[in-house]
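Undergrad: Just a sequence and a predicted model for now, questions to come.
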Amino acid sequence: MNTIRENAYAKLNLSLDVTGKREDGFHDMEMVFQLISLKDDITIQIQKGEGIRVRSTMKYLSDGPDNIAYRCAERFFADSGLHGWEVKILLNKNIPVGSGMGGGSADGAAVLRALNRYFGDPLTFDSLLSTAASIGADIPFCLLGGTALAHGKGEILTSLPPLTQCGFAVVKPSFSVSTPELFHKLDNIRIMLHPDTEGLVRAIRLGSIPETGRRLFNVFEEVLGREKETVDDIKTALFDAGAIGAAMTGTGSAVFGIFPDGDSTDDAARKLSEKWPFCRSVRPVSSFV
């Protein structure tokens, strides 16, 4: 039996916009993604045999086909044409569930990346992206990493220059937010405020952290229910601690602030953790390609 290990890094949405609803029921999105150093630890054991098994340190997570890591392993073997292998996957979870940080997508991407490398890259990177997109919209970005502009459901990616000389303090409140509920609410209102995605991309290309911070925005914040008060409280606390900008990520409930350097990020995270136990100081992670 051979054992391989892979990091599964979380993501943040520096901006998130919903630009329309498609005939297939999905939504057209425009987002700027950032991979961060908060990660799950993935251990994969491979030997001759048959079958896929998944175990997680979060016992309530599915260990079968409902688990994204399982589906990614299954699709990898189907798409690569490899047969006769037994795979055991252990997910050591650090990315909180229901946070909007893409923990399941990160795990799936890590499994695809690790298996493809172990078996000598039977799938091209473009093929991996196609496999990932067929399973979940955030998985392609988690495969790519770094900083990227996303369109479509989130699978159409354009790499951007890496963010450097900054950090993020990430707070996950005690509650989670229903993704289907937020999409339903958004479908029934006229969105009045949209992120300045073009300006954000320009700021990132210029390497301006202040201009980047000023353009963080998530349209889902506008349709939160009673959770909005807590999200706003966290954002205020981040600004009071020196954040240049702050926003909710994904459909929540995690909220993050961007800081100009690592020391100020660490200081802010220590301060906010006195009120919100899950508060992490993290750094940008570069692209894998």
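TA: The structure has been received and is ready for your questions.
Undergrad: Can you give the distance from the lengthiest strand in the chain to the centre of its chain?
TA: Criterion DSSP state E: the longest strand present in the chain is strand 27-48. Strand 27-48 has its C-alpha centroid displaced from the chain centroid by 7 Å (CA atoms, centre = their mean, to the nearest Å).
Undergrad: Then stretch 226-235?
TA: Distance of stretch 226-235 from the chain centroid (CA atoms, centre = their mean) equals 21 Å.
Undergrad: and it, which residues are buried?
TA: 227, 230-231, 234-235 (16 or more other CB atoms under 10 Å). For the C-beta atoms, the positions are set from N, CA and C on the backbone; glycine is no exception.
Undergrad: Including secondary structure, could those residues go into a markdown table?
TA: Formatted as a markdown table, the buried residues of stretch 226-235 follow (DSSP: H, G, I helix; E, B strand; the rest coil):
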| residue | secondary structure |
| --- | --- |
| Glu227 | helix |
| Thr230 | helix |
| Val231 | helix |
| Ile234 | helix |
| Lys235 | helix |
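Undergrad: would you turn those into JSON lines with pLDDT?
TA: Below are the buried residues of stretch 226-235 laid out as JSON lines (pLDDT from 0 to 100):
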{"residue": "Glu227", "pLDDT": "95"}
{"residue": "Thr230", "pLDDT": "97"}
{"residue": "Val231", "pLDDT": "97"}
{"residue": "Ile234", "pLDDT": "98"}
{"residue": "Lys235", "pLDDT": "98"}
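Undergrad: what bridges to Cys279?
TA: Val171 (DSSP bridges).
Undergrad: Let me know the pLDDT of it.
TA: Looking at Cys279, its pLDDT reads 98.
Undergrad: same question, Tyr60
TA: So Tyr60 comes in at 85 (pLDDT).
Undergrad: in the stretch 51-200 of the chain, which spans are helices?
TA: For the stretch 51-200 of the chain, the helices defined by DSSP state H, counting those that start in this stretch occupy 68-80, 103-118, 125-135, 139-144, 179-187, 197-206.
Undergrad: how about those, which one is nearest Arg5?
TA: Evaluated over the helices of the stretch 51-200 of the chain, closeness to Arg5 peaks at helix 103-118, with 7.8 Å, by CB to CB.
Undergrad: which ones are touching the residue nearest to Gly98 when sequence neighbours are not counted?
TA: Nearest residue to Gly98, sequence neighbours excluded (CB to CB, 6 or more residues apart in numbering): Ser176, at 2.9 Å. For Ser176, the contact set (CB atoms under 8 Å, 6 or more residues apart in numbering) comprises 97-99, 252-253.
Undergrad: Let me know the closest of the residues you listed to Ile36.
TA: Distance to Ile36 across the contacts of Ser176 (CB to CB) is lowest for Ser99, with 11.6 Å.
Undergrad: wait, isn't the closest one in contact with Ser253?
TA: Yes: counting by CB atoms under 8 Å, Ser99 touches Ser253, with 6.4 Å between them.
Undergrad: Now list whatever residues contact both of the two.
TA: Common neighbours of Ser99 and Ser253 (CB under 8 Å, 6+ apart) are 172, 176.
Undergrad: Highest neighbour count among the contacts of Ser176?
TA: Comparing these by number of neighbours (other CB atoms under 10 Å), Gly252 comes first, having 27 neighbours.
Undergrad: still on that earlier bit, can you tell me which of the contacts of Ser176 lies closest to Thr131?
TA: Val97 (23.5 Å).
Undergrad: Give me the pLDDT value at the closest one.
TA: Residue-level pLDDT assigned to Val97 equals 94.
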